[in-house]
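Q: What follows is a predicted structure for the sequence shown.
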Amino acid sequence: MAYTKFYHVLSFYLATLIAIYEFLLSVLPYILNPASILIAFADAFLGVYFRLCGLSSCTIELDEQTTMHFWASNPRRFDKPDLLMLHGYGGNSKWQFMHQVGSLSRTFNLYVPDLLFFGKSYTKMSDRTEVFQAKCVAEGLRRLGVDRFGVYSISYGGFVAYWLAEMYPQAVERLVIVSCGIGMTEEQKKDQLNKIGRNALKLLVPESANDLRGLVNLSVHKPSPVRWLPDVFIRGFIHVTYERNRKQKLEMAEHLLREKADLNLPILTQETLIIWGDKDVVFPVNLAYELQRYLGPKSKVEIIKDTGHAVNMDAPISLNALITSFVLGYYQCDRAELSK
């Protein structure tokens, strides 16, 4: 009797293992390498983590051609201010903000979109500008019932945030721009690309493990696990996070690189906090001070020491503290005015 029971249990587990093995064999021809499966599981785990931080995944059809995906606080608490988080070019919003949503979600209602062609956001439109990205983000927030909010943006997200603040001044209350080269002159852009000395398109949209290592080495000042990961896992990460909509990502990067400097860049009306890492080699720290001088007295600069371009990875605790203090300052002043 005991032998029969043991046999059935053993058979069940063996059958399960065989089924899993056969499934893995069936999907391997369709992926670049088996490590993609592990990266896909990690990506899914980050989704679980975002949910544990009180965020829900929601997909919004803006029209017949454009879909925006957001991670949004649910339930929304009206005793908390609303904060929009705009990511840069490296992966989707989950990978970029995994060190920040836990802390920031305790203070803010968070709205974290995947910008177009990242994650689950997509459009059939041919527009690849930051202005179009900003319009889509604004419409997505309107559909979610968010009419006034602070903005935290990093790198490419900073370009989007700048135009969002300019076009919707009544909606954007305060703006945080981190490590973003908006306002660079043509000469500065050319000099910086020469200093980097690599194909910028392959860094922004990596094709190989060497490309991604190059991106990490440029962006992250402190030691990163990516530097020691075997190439097979890095290729898996590229497949999971970069292959979808690769052509469109490249088109956006090409637009960003060839776009002429705007000599009449609008001066924002919102109070703006500019945060930079002092070891940033993508956008040198002097650009932070140039942007502050251009924006005038409503802006200020905070420099985080021993930190590179990817401040969200190098110094998330310091960055979260600066964002919280700055955005809450407006919210608390606003509530004090209303209580008078």
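A: Cool, got the structure. Numbering: from 1, shown residues only.
Q: gap between the most centrally placed residue in the chain and Ser155?
A: Residue closest to the average C-alpha location in the chain (Cα atoms, centre = their mean): His87, at 2.2 Å. From His87 over to Ser155 the distance is 8 Å, taken as Cβ to Cβ, to the nearest Å. The C-beta positions use only the backbone N, C-alpha and C, and glycine is treated the same way.
Q: now swap in Ser219 and tell me
A: According to Cβ to Cβ, Ser219 and Ser155 sit 8 Å apart.
Q: before we move on, what about Glu259?
A: According to Cβ to Cβ, Glu259 stands 15 Å off from Ser155.
Q: who's more crowded, these two?
A: A direct count of neighbours by other Cβ atoms under 10 Å for Glu259 and Ser155 places Ser155 higher, at 25 against 14.
Q: who's in contact with that one?
A: Taking Cβ atoms under 8 Å, 6 or more residues apart in numbering, we find Ser155 in contact with 88-90, 178-180, 282, 309.
Q: burial of the closest residue to the residue nearest to the centre of the chain other than its chain neighbours, as a residue count?
A: Counting by Cβ to Cβ, 6 or more residues apart in numbering, His87 lies nearest to Gln96, which is 4.3 Å off, once chain neighbours are set aside. Neighbourhood size, Gln96 [other Cβ under 10 Å]: 23.
Q: ok, Gln96 - contacts?
A: Counted by Cβ under 8 Å, 6+ apart, Gln96 has contacts 87-88, 90, 154, 312.
Q: On the pLDDT front, check it for me.
A: Per-residue pLDDT puts Gln96 at 94.
Q: do the same with the one 4 residues further on
A: According to the model's per-residue confidence, Gln100 sits at a pLDDT of 97.
Q: Next: the one 10 residues further on.
A: pLDDT, Leu110: 98.
Q: Give the bridge partners for it, please.
A: For Leu110, the beta-bridge partners are Leu83 (DSSP bridges).
Q: For it, list the residues it contacts.
A: 53, 55, 71-73, 83, 85, 101, 104.
Q: ok, 7 Å please
A: By Cβ atoms under 7 Å, 6 or more residues apart in numbering, Leu110 lies in contact with 55, 73, 83, 85, 101, 104.
Q: what's the answer for Leu268, then?
A: Under the criterion of Cβ under 7 Å, 6+ apart, the neighbours of Leu268 are 165-166, 175, 295.
Q: looking at it, Ser224 is touching Val216, isn't it?
A: Yes: at 5.5 Å, Ser224 counts as touching Val216 under the criterion of Cβ atoms under 7 Å.
Q: Between these two, tell me which one has more neighbours.
A: Per other Cβ under 10 Å, whichever of Ser224 and Val216 has more neighbours is Val216, with 21 against 17.
Q: which residues in the protein form strands?
A: With DSSP state E as the criterion, the chain has strands at 55-61, 66-73, 82-86, 109-114, 122-123, 149-154, 172-178, 271-277, 299-304.
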